[in-house]
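A.B. asks: Let's see this in three dimensions:
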Amino acid sequence: MAKILVVEDDKQLRENICEQLQLDNHQVRTAPDGLRAFEVLPFFSPHLILCDIMMPQMDGIAFIRAIKRHVNYRTIPVIFLTAKVAQQDKIQGLEEGAIDYLSKPFLFRELSLKVKNITSHQTEFLLQELEQATGEKPEIQFVKLFSERLELHLSDPSLTVEKMAGEMNMSLSALQRTIKKYLGRSYIDIVKDYRLRKATSFLIQTDYTLQQIADKCGFSSLSYFSYSFKEANGLSPLRFRQHHQVRADLP
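C.D. replies: Okay, here's the model as predicted:
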């Protein structure tokens, strides 16, 4: 089962795609355009995004450019859904970072197979990298265990890679190689991104003070939390919370 975000402005098609993916046992969230999709991302970390190109407010090209610039989302693969079939349009999408196209109208069987192939490849790739890094038969539960340890030690600002290696019963070098090869980023960046995602949820869903959120998410100081959050999201934690409170109050 994969987590998939469907970004499509046609309500009927959006619902049909969602239904088909759910029948394939995937977890699905939807959005009618790129702007609304960005509001979903802090609460839903998809393995794959299916995105229309021609949409109001923020079209598919603008959306993929935005996610490729964002430290938390730039590694998520994107498949474009489009009625635009000109070769130049396809080349532009691929240049922006899309991994594939589905031309409308498409068969849902084709959609299912493409999603299956991409998400299965991601799992197989992880297992291959784990096997190369550890020299042992990889365990499918690695990612789950790693996430559980991050959550367990969320408030610990001293969650070093050495400590995590001990938690994972892996050597330091094996853990570093595994994370680097699979995610293409350092352990420090991954932990920081995880903490920022949790902080985003706290800002929107709770009335915790900024200091409480900084403490709960393992930031060593409020100033470091504020700096890191603004660097990643373009807004200070306070401005981000105010922005979403205003949107929530709109009819």
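
A.B. asks: going forward, measure contacts between C-alpha atoms and count neighbours the same way
C.D. replies: Fine.

A.B. asks: low-scoring stretches of the stretch 51-200 of the chain, by residue?
C.D. replies: For the stretch 51-200 of the chain, applying pLDDT under 70 flags the ranges 84-86, 119-144, 181-184.

A.B. asks: now the strands: where do they sit in the stretch 51-200 of the chain?
C.D. replies: Assigned strands in the stretch 51-200 of the chain, in chain order: 78-82, 100-103 (criterion: DSSP state E, counting those that start in this stretch).

A.B. asks: domains of this structure?
C.D. replies: Domain ranges of the chain: 3-106, 123-184, 194-251, per automatic domain parsing.

A.B. asks: Dump those domains into a markdown table; add mean neighbour count and distance to Leu113 as well.
C.D. replies: Formatted as a markdown table, the domains of the chain follow (neighbours: other C-alpha atoms under 10 Å; distance: least, C-alpha to C-alpha, whole Å):
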| stretch | mean neighbour count | distance to Leu113 |
| --- | --- | --- |
| domain 3-106 | 17 | 10 |
| domain 123-184 | 15 | 15 |
| domain 194-251 | 16 | 31 |
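
A.B. asks: Could you export the ones you listed to JSON lines, including columns for distance to Asn117?
C.D. replies: Below are the domains of the chain laid out as JSON lines (distance: least, C-alpha to C-alpha, whole Å):
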{"stretch": "domain 3-106", "distance to Asn117": "11"}
{"stretch": "domain 123-184", "distance to Asn117": "10"}
{"stretch": "domain 194-251", "distance to Asn117": "27"}
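
A.B. asks: Could you pull up phi and psi at the closest residue to Ser236 other than its chain neighbours?
C.D. replies: Distance criterion C-alpha to C-alpha, 6 or more residues apart in numbering; nearest residue to Ser236, sequence neighbours excluded, is Lys230 at 4.6 Å. Phi and psi for Lys230, reported as degrees, to the nearest 10, are phi -70, psi -40.

A.B. asks: How about the residue positioned nearest the centre of the chain: what's its closest non-neighbour residue?
C.D. replies: In the chain, the residue lying closest to the centroid (C-alpha atoms, centre = their mean) is Ser45, at 3.7 Å. Nearest non-adjacent residue to Ser45, counting by C-alpha to C-alpha, 6+ apart: Lys3, 7.2 Å away.
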